[in-house]
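1. predicted structure and sequence below. I'll ask about it afterward.
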2 protein chains.
Amino acid sequence: MRIPVGRATIAAMISLILALAAAAQTPPATPAPPPDPAAPVEADWMTIPDDEIMVMSLPGGRHIVIRLAPRYAPVHVANIRRLARAHWWDGTSVNRVQDNYVVQWGDPTEGKAMPEGVVANPPAEYTWPNWDGVTRLAKPDPYATRAGHSADGWQLASNGRETWMPHCYAMVGVGRNLKPDTGTGAELYTVIGSPSRPLDRNIALVGRVIDGIEHLSSLPRGTGPLGFYEKPEQRVPIERVRLASDLPEGTRPRFQVRRADNARFEAYVRARENRTPPFFDVPAGGADICTVPVAYRRVPAAANN
Amino acid sequence: MRIPVGRATIAAMISLILALAAAAQTPPATPAPPPDPAAPVEADWMTIPDDEIMVMSLPGGRHIVIRLAPRYAPVHVANIRRLARAHWWDGTSVNRVQDNYVVQWGDPTEGKAMPEGVVANPPAEYTWPNWDGVTRLAKPDPYATRAGHSADGWQLASNGRETWMPHCYAMVGVGRNLKPDTGTGAELYTVIGSPSRPLDRNIALVGRVIDGIEHLSSLPRGTGPLGFYEKPEQRVPIERVRLASDLPEGTRPRFQVRRADNARFEAYVRARENRTPPFFDVPAGGADICTVPVAYRRVPAAANN
């Protein structure tokens, strides 16, 4: 199996091969290999609150799970929660799929009334003043002098004066018109191609797709301007959008994020910046923040507490 | 139409709106707006030689056009031309679609004999010593101290000692096993997600998809390890792969690339680094090389020569 590529999977496969090879050995017994310093321990996994998990369902049992970021975009996320609780997105659609850019969804008529309490003109929640990262990448990138991760696993970028979430793959943002409009949150998009970092600091990010992104990224591309579907029947209907906290206990999808505030995550960051043999011969000595993603995992609903 | 995004399209739309608004005006006539200094003139378009254009055809009239880079990976590209001329890929398949990473194609059995003349172990054509770029981006990135474009439109990166093509979206590379294997070119992949820059200098790039990438990027993701399709029937059959130079004159797909060695392209680079109102309020002051793509256009076959 020729593979152009490594990523975490190849490391895992190699570990598995080594483990199998070790297990296949008979006496004299060999000592267990040392633990991977970049592997998380159980305590590194943090359960995401139910009201920060939103599930969008497309026909055919295609579920897309979004983690919301209320700390960074509180007014937009409050709007989004109101929209979800009002079942506002039910019956709307995915209207735009632009290759190497974004998938966008919402009300294609843009005429659907907002539920009560939705703030029509939220503030521009694009940046915040304090750096709250717990990691720091080795090198700056063309968009930021500093990049890293928050303790609870958000990718961050900074210019020394303000901090923001970078437009990495799978990040979810708020469609808007020209300023002073910042978007209500009713029209959302997710990045499905190269990171769209020029949008950083120009638009509100509100979360990230943490499961099911392939149901969006593999949709047929729209052939109209900006990747909009040209015919209404090409749009992909949205059956429903719900917060996990609004679902019955025991049926709520539950996810955990790997915390970044520990030595194991730090070792993971360094490993991403310097890939190693046998596949990688030339370590880069650095990585862009979008190439240092944070792991998520689904946990059984029964594990609720 | 709320749009999260701008890119060249929005600039084009705004230009169109302004032009229409201008056209709608009656006397007193207004002077024409000044020409966009970043727009190419006709002389900036360079026709790509027929033997550097390769077309892969999937069922249903889905054609993917690849521009080859023989200057940078001559032995690999020579292999690829031999494979295409032998019709070697006909009846093989797309075997792997890994979300936010690569689409890979070739012989899933890995047992198909090579045509005569294919070099089994090409040299590691990953880098070259001289910087041959004609543009230079304002800022380095975590993978390179310098980035820019060759006169004929390839994106380049350098560390001051060697130059290489970066793993941007749509770049085509050669699958390989562990070293000293570099891959023959029979197993190819293209990047369909975030740029895979850690692969830079670790694998041979041989070209770029310049048309039809959406036929690969929207394929269903494989559910096996590394995104390989688990069942043979999930693989996407390849009907044929041909060099344009092996097709009858008059039927050859013909493409042009925008040359980078002129003031208009330089202005385009600067504009990509500093997006402007009305949509963008905060210019980044820089861009990564993958966010400064080079334009291609199809020209009528009748325009050959």
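-> Structure's in. What do you need?

2. how about the helices of the stretch 151-300 of chain A, start to end?
-> Under the criterion DSSP state H, counting those that start in this stretch, the stretch 151-300 of chain A carries helices at the ranges A:214-217, A:263-273.

3. show me where the stretch 151-300 of chain A has strands.
-> For the stretch 151-300 of chain A, applying DSSP state E, counting those that start in this stretch gives strands covering A:155-158, A:163-164, A:171-174, A:188-191, A:205-211, A:236-237, A:240-243, A:254-258, A:296-299.

4. show me the one of the ones you listed that comes nearest A:Asp90.
-> Closest to A:Asp90 of the strands of the stretch 151-300 of chain A, according to C-beta to C-beta: strand A:240-243, at 4.7 Å. Every residue, glycine included, has its C-beta placed from N, CA and C.

5. returning to that earlier point: got TSV for the helices of the stretch 151-300 of chain A, with distance to chain B too?
-> Shown next, in TSV, are the helices of the stretch 151-300 of chain A (distance: least, C-beta to the nearest C-beta, whole Å):
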stretch	distance to chain B
helix A:214-217	4
helix A:263-273	8
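
6. just put the ones you listed in JSON lines and tack on mean pLDDT and mean neighbour count.
-> Below are these laid out as JSON lines (pLDDT from 0 to 100; neighbours: other C-beta atoms under 10 Å in any protein chain shown):
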{"stretch": "helix A:214-217", "mean pLDDT": "98", "mean neighbour count": "22"}
{"stretch": "helix A:263-273", "mean pLDDT": "98", "mean neighbour count": "18"}
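
7. low pLDDT regions in chain A?
-> Counting by pLDDT under 70, chain A contains low-confidence ranges at A:1-30, A:302-305.

8. out of the helices of the stretch 151-300 of chain A, nearest to A:Trp154?
-> Across these, the minimum distance to A:Trp154, taken as C-beta to C-beta, is reached by helix A:263-273, at 12.8 Å.

9. tell me what the closest one is packed against?
-> Packed against helix A:263-273 by the contact rule (3 or more C-beta pairs under 8 Å, 6 or more residues apart in numbering or on different chains; DSSP states H and E) you find strand A:146-149.

10. ok, the strand it packs on near chain B or not?
-> No: Strand A:146-149 stays clear of chain B (C-beta under 8 Å from any C-beta of the partner chain), getting no nearer than 8.7 Å.

11. got it, and stretch A:192-211?
-> Yes: Stretch A:192-211 reaches chain B (C-beta under 8 Å from any C-beta) through A:Ile192, A:Gly193, A:Ser194, A:Pro195, A:Ser196, A:Arg197, A:Pro198, A:Leu199, A:Asp200, A:Arg201, A:Asn202, A:Ile203.

12. what's the answer for stretch A:150-163, then?
-> No: Stretch A:150-163 does not reach chain B (C-beta under 8 Å from any C-beta); its nearest approach is 9.1 Å.

13. between the two ends of that stretch, how far is it?
-> 11 Å (C-alpha to C-alpha, to the nearest Å).

14. repeat that for stretch A:200-218.
-> End-to-end distance of stretch A:200-218 (C-alpha to C-alpha): 24 Å.

15. again, but for stretch A:166-182
-> Stretch A:166-182 has an end-to-end distance of 17 Å (C-alpha to C-alpha).

16. now do the buried residues in it.
-> A:Pro166, A:His167, A:Cys168, A:Tyr169, A:Ala170, A:Met171, A:Val172, A:Gly173, A:Val174, A:Gly175, A:Arg176, A:Thr182 (16 or more other C-beta atoms under 10 Å in any protein chain shown).

17. what is the burial count for the residue of the stretch 1-150 of chain A found nearest chain B?
-> At 3.5 Å from chain B, A:Pro142 is the closest residue in the stretch 1-150 of chain A, using C-beta to the nearest C-beta. A:Pro142 has 23 neighbours, counted by other C-beta atoms under 10 Å in any protein chain shown.

18. any idea how far the closest residue to chain B within the stretch 201-305 of chain A lies from B:Glu239?
-> Nearest residue of the stretch 201-305 of chain A to chain B: A:Gly286, at 3.5 Å (C-beta to the nearest C-beta). Distance from A:Gly286 to B:Glu239, counting by C-beta to C-beta, to the nearest Å: 42 Å.
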